[in-house]
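Undergrad: predicted model and sequence follow; I will ask about them next.
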Amino acid sequence: MELTSIATANHKPLMRAESRTPDEVRDLVSYSDAYSPLADELEALAKFIRYSTTAARNTAGNEALTTYALAVRLSKRTETAYLAPHVADMRRAPRTRPQAVAGDPGETGSRPGGQSRSPRRGGAAAGAGSEIAAAVARNPR
């Protein structure tokens, strides 16, 4: 690009009426060189945030499902039968998944019923976990 700017500056027949001056072209190139790394860093930051939020949702879902499994077993015992209503609430909790962003590279297709399929770990567990935890919080005993 620098060579075309030099040629345009030195040979007036190459200069078009609607074209930019060689100095403007140099400024555009330096702008591009200066801000391209910033865009790369911002994209890396967005990927990190997406990964860490997915990991947090997976951890919360894992905890909720572990609590649910324990509550199911304990509700069958006579001394902890008071957990049965909590188990029933957890069982009825909606098992929704977070909606995928349009154009999200993690989106791999859709399932019947409109649920998206995610290649990330913790898919169903992550979505059901927060609803189960909310059901437990609503009915403390």
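TA: Perfect, thanks for sending it. Numbers count the residues shown, from 1 in each chain.

Undergrad: how about the helices in this structure?
TA: Assigned by DSSP state H, the chain shows helices spanning 2-10, 22-75, 84-92, 123-138.

Undergrad: what's the longest one packed up against?
TA: Packing partners of helix 22-75 (3 or more C-beta pairs under 8 Å, 6 or more residues apart in numbering; DSSP states H and E): helix 2-10, helix 84-92, helix 123-138. All C-beta spots, glycine's among them, are computed from the backbone N, C-alpha and C.

Undergrad: number of nearby residues for residue 86?
TA: Neighbour count for residue 86, taken as other C-beta atoms under 10 Å: 22.

Undergrad: over to residue 50?
TA: Residue neighbour count, defined by other C-beta under 10 Å, stands at 15 for residue 50.

Undergrad: quick one: pLDDT of it?
TA: Note on residue 50: pLDDT of 97.

Undergrad: worst mean pLDDT across the helices and strands of this protein, which element?
TA: Taking mean pLDDT, DSSP states H and E as the measure, the chain has helix 123-138 as its least confident helix or strand, at a mean of 56.

Undergrad: returning to what we had before: just the helices of the chain: most buried one?
TA: Among the helices of the chain, helix 123-138 has the highest mean neighbour count (mean count of other C-beta atoms under 10 Å), at a mean of 18.

Undergrad: low-confidence stretches in the protein?
TA: Flagging of the chain using pLDDT under 70 yields the residue ranges 1-17, 96-141.

Undergrad: which residue sits closest to residue 80, ignoring its sequence neighbours?
TA: Spatial nearest neighbour of residue 80, excluding adjacent residues (C-beta to C-beta, 6 or more residues apart in numbering): residue 74 at 4.2 Å.

Undergrad: for residue 20, what are phi and psi?
TA: phi -80, psi 160 (degrees, to the nearest 10).

Undergrad: and the gap between it and residue 36?
TA: Going from residue 20 to residue 36 by C-beta to C-beta, to the nearest Å gives 19 Å.
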